[in-house]
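Enquirer: Structure here, sequence nowhere to be found:
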Ligand code: ADP
Ligand code: MG
């Protein structure tokens with residue numbers, strides 16, 4: 001749907017109020033309503049300047065943007081982000097940034113570069129200010145379960161002492177499972193108990209961004225000093241540092257310096273250090289040298305408990321039935337469950353009624369559709385084998401030639417995206433492979449989908465056939 005200029009202006013003001021002027025200028029000021037409207041009454045399209053910016057905006061501001069846009073158009077909407085580069089040369093920059101070894105200058109769109117030059121704030125200020133901790137992400141608000149037990153216990157242990165118990169603590173797991181939440185919880189707790197300890201929380205994108213900026217501004221010394229002056233350093237999603245050689249090198253030095261100074265380091269990533277292909281060996285072993293704790297999707301009972309907790313915070317009436325329905329049907333991650341709940345809460349306020357399961361089914365069709373298809377692992381293997389004209393037996397075999405291995409990876413990817421099976425379960429279905437092999441395959445195929453249109457096409461086609469079969 002189209003957003004009027006007036007509406008957009010009020011959104012801008014609202015956003016500034018929400019995220020603060022400096023973050024707004026750094027990340028959100030370049031957003032525009034996209035002129036190429038798709039005609040849908042439920043979707044607002046927003047143009048972003050580059051792939052990097054889109055990832056950043058979606059990761060950090062998608063909920064806020066949705067909330068703001070919902071407010072200005074006065075109905076619940078979804079927000080679509082389309083990349084519209086200001087010029088072709090900027091597209092070049094984005095691509096160059098993806099190459100291994102290239103220093104990635106993507107963070108600087110032309111406007112940002114100008115802002116960066118004009119911004120008087122030293123690095124340290126930018127870092128501390130930019131990433132305010134989410135006050136809701138506390139230990140009290142975290143529902144503990146066996147899926148997160150080790151990570152939770154370790155996090156608490158670190159938060160409650162100023163001794164070094166584990167260094168670093170490395171928490172890994174899929175998106176939306178509570179890694180950032182736990183990290184913020186540690187920070188809150190430390191700051192409550194030791195207000196003078198300097199706790200620095202940064203996303204690894206920000207680390208990379210600041211590092212590149214300091215290279216450009218010729219103040220890498222400040223950069224190093226900043227990081228080395230903290231007591232507790234938390235870097236979120238370190239997988240984004242992997243592959244960016246210069247940043248990786250700097251990260252490694254910072255890391256070593258902090259360890260030598262006996263400072264606490266806490267890291268998260270979407271996978272364990274030894275699954276990060278792009279890391280140098282010495283960084284990988286360094287990252288894994290403390291305590292590594294995996295987190296997984298909590299079981300149904302815990303998911304329901306989390307729903308109730310979140311509903312309470314939203315002041316929303318949530319029946320046991322509806323909580324069960326959501327917990328049972330949305331099995332991707334907690335963030336998605338929470339997104340569903342937010343959408344229902346917004347709707348309940350709008351229509352001034354409690355939400356029934358039927359209504360929820362209607363309102364969440366897009367989310368439920370993805371997991372409701374009953375596709376079996378066998379089916380996926382069969383269809384993929386047919387499609388690539390290989391034998392089904394090769395799905396289980398240990399043959400590694402590419403014309404077999406690639407289809408097998410595609411099949412693993414589809415098993416993950418079309419069923420609710422876990423990595424180990426999928427591994428077993430593929431001739432008893434290890435879960436890390438499956439995770440690797442899924443990552444690989446995701447990467448290929450981005451890079452290789454013909455694979456993307458194959459996967460789309462297979463998804464269609466499988467889900468309509
Ligand atoms: P990640 O960093 O792993 O992608 P987040 O920490 O951002 O995930 O979590 C996504 C959302 O899910 C957050 O709003 C968080 O509060 C919530 N969440 C995840 N796990 C739990 C849990 N066990 N208890 C309460 N909330 C949770
Ligand atoms: Mg996170």
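Expert: Alright, I've got the coordinates. Just so it is clear, the model here is predicted, and its values are computed rather than measured. Ligands and ions are numbered 1, 2, ... in the order given.
Enquirer: which one is the residue of the chain positioned farthest from its centre nearest to, not counting chain neighbours?
Expert: Residue farthest from the centre of the chain, counting by CA atoms, centre = their mean, is residue 391 at 36.1 Å. Leaving aside its chain neighbours, residue 391 sits nearest to residue 385 (6.4 Å; criterion: CB to CB, 6 or more residues apart in numbering). All C-beta spots, glycine's among them, are computed from the backbone N, C-alpha and C.
Enquirer: again, but for residue 60
Expert: Leaving out its chain neighbours, the residue that sits closest to residue 60 by CB to CB, 6+ apart is residue 27, at 7.1 Å.
Enquirer: need the contact list for the one you found.
Expert: When the contact criterion is CB atoms under 8 Å, 6 or more residues apart in numbering, the partners of residue 27 are 19, 53, 56, 57, 60, 61.
Enquirer: if you look at the one helix or strand the second one maps to, does any of it touch ligand 1?
Expert: Using DSSP states H and E, residue 53 sits in helix 51-73. No: for helix 51-73, no contact with ligand 1 is found by CB under 6 Å from any ligand atom; the gap never falls below 8.7 Å.
Enquirer: Just the residues contacting that helix, thanks.
Expert: By CB under 8 Å, 6+ apart, the residues outside helix 51-73 that reach it are 1, 3, 7-8, 10-11, 14-15, 18-19, 27-28, 30-31, 44, 46, 48, 76-79, 81, 83, 94, 97, 104, 106-107, 109, 203, 205, 339, 342, 346.
Enquirer: Report the separation between residue 47 and residue 9.
Expert: Using CB to CB, to the nearest Å, we find residue 47 at a distance of 16 Å from residue 9.
Enquirer: ugh, wrong one, residue 217
Expert: According to CB to CB, residue 217 stands 32 Å off from residue 9.
Enquirer: try residue 426
Expert: Looking at residue 426 against residue 9, where the rule is CB to CB, the gap reads 49 Å.
Enquirer: Would you mind measuring the gap between the ends of stretch 285-299?
Expert: 31 Å (CA to CA, to the nearest Å).
Enquirer: I meant to write stretch 389-408 there.
Expert: The distance separating the two terminal residues of stretch 389-408, taken as CA to CA, comes to 12 Å.
Enquirer: Likewise for stretch 133-149?
Expert: As for stretch 133-149, its first-to-last residue distance stands at 23 Å under the measure CA to CA.
Enquirer: chain center to that stretch, what's the gap?
Expert: The chain centroid and the centroid of stretch 133-149 are separated by 17 Å, computed with CA atoms, centre = their mean, to the nearest Å.
Enquirer: Touching it from outside, list them.
Expert: Here stretch 133-149 makes contact (CB under 8 Å, 6+ apart) with 152, 155-156, 159, 177-178, 180-185, 187-189, 201, 295-299, 301-302, 305-306, 309, 313.
Enquirer: Look at residue 47 and residue 9 and report which has more neighbours.
Expert: Using other CB atoms under 10 Å, the more surrounded residue of residue 47 and residue 9 is residue 47, with 19 against 11.
Enquirer: OK, contacts around that one?
Expert: 31, 32, 33, 34, 35, 81, 82, 83, 84.
Enquirer: Select only the buried ones of those residues in ChimeraX?
Expert: Selecting only the buried members of the contacts of residue 47 in ChimeraX, with burial defined as 16 or more other CB atoms under 10 Å, works like this:
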select :31,33,34,81,83,84
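Enquirer: So which of the contacts of residue 47 belong to strands?
Expert: Within the contacts of residue 47, residues falling in strands by DSSP state E are 32, 33, 81, 82, 83.
Enquirer: Please name the residues that touch the fourth one.
Expert: Same thing as residue 82. Here residue 82 is in contact with 34, 36, 45, 46, 47, 48 (criterion: CB under 8 Å, 6+ apart).
Enquirer: Kindly confirm my reading that the fourth one is in a strand.
Expert: Yes: inclusion of residue 46 in a strand is indicated when DSSP: H, G, I helix; E, B strand; the rest coil is applied.
Enquirer: Kindly confirm whether my reading is correct that it touches residue 81.
Expert: Yes: taking contact to mean CB atoms under 8 Å, the distance of 5.4 Å between residue 46 and residue 81 places them in contact.
Enquirer: which secondary element of this protein has the worst mean pLDDT?
Expert: Taking mean pLDDT, DSSP states H and E as the measure, the helices and strands of the chain show their lowest mean at helix 88-98, namely a mean of 26.
Enquirer: Report the mean confidence score over stretch 404-414.
Expert: In this model, stretch 404-414 carries a mean pLDDT of 96.
Enquirer: mind listing what's buried in it?
Expert: Within stretch 404-414, the residues that qualify as buried by neighbour count (16+ other CB under 10 Å) are 404, 406, 407, 408, 409, 410, 411, 412, 413, 414.
Enquirer: Could you provide these in JSON lines, with additional columns for distance to residue 135?
Expert: JSON lines is the format used below for the buried residues of stretch 404-414 (distance: CB to CB, whole Å):
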{"residue": "404", "distance to residue 135": "51"}
{"residue": "406", "distance to residue 135": "46"}
{"residue": "407", "distance to residue 135": "48"}
{"residue": "408", "distance to residue 135": "46"}
{"residue": "409", "distance to residue 135": "42"}
{"residue": "410", "distance to residue 135": "43"}
{"residue": "411", "distance to residue 135": "44"}
{"residue": "412", "distance to residue 135": "39"}
{"residue": "413", "distance to residue 135": "37"}
{"residue": "414", "distance to residue 135": "40"}
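Enquirer: quick one: which of those is nearest residue 277?
Expert: Of all those, residue 277 sits closest to residue 409, with 14.0 Å by CB to CB.
Enquirer: residue contacts, the spatially closest residue to the closest one that is not a sequence neighbour?
Expert: Nearest residue to residue 409 in three dimensions, chain neighbours excluded: residue 441, at 3.9 Å (CB to CB, 6+ apart). Remark: with contacts taken as CB under 8 Å, 6+ apart, residue 441 is in contact with 408, 409, 412, 413.
Enquirer: What is the nearest of those to ligand 1?
Expert: Of all these, the one with the least separation from ligand 1 (CB to the nearest ligand atom) is residue 413, at 19.9 Å.
Enquirer: Quick check, that closest one in contact with residue 447.
Expert: No: taking contact to mean CB under 8 Å, the distance of 10.5 Å between residue 413 and residue 447 leaves them out of contact.
Enquirer: So for these two, which residues contact both of them?
Expert: By CB under 8 Å, 6+ apart, residue 413 and residue 447 have no common neighbours.
Enquirer: what's around the residue in the stretch 1-150 of the chain positioned nearest to ligand 1, how many residues?
Expert: Across the stretch 1-150 of the chain, the shortest distance to ligand 1 (CB to the nearest ligand atom) belongs to residue 143, at 3.8 Å. Neighbour count of residue 143, defined by other CB under 10 Å: 20.
Enquirer: Reformat the ones in strands among the contacts of residue 47 into a markdown table and put pLDDT next to each item.
Expert: Formatted as a markdown table, the entries for those read as follows, by pLDDT from 0 to 100:
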| residue | pLDDT |
| --- | --- |
| 32 | 86 |
| 33 | 88 |
| 81 | 86 |
| 82 | 86 |
| 83 | 81 |
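Enquirer: With distance to ligand 1 as added columns, please give the residues you listed in CSV.
Expert: Written out in CSV, the entries for the ones in strands among the contacts of residue 47 read as follows (distance: CB to the nearest ligand atom, whole Å):
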residue, distance to ligand 1
32, 27
33, 27
81, 18
82, 24
83, 23
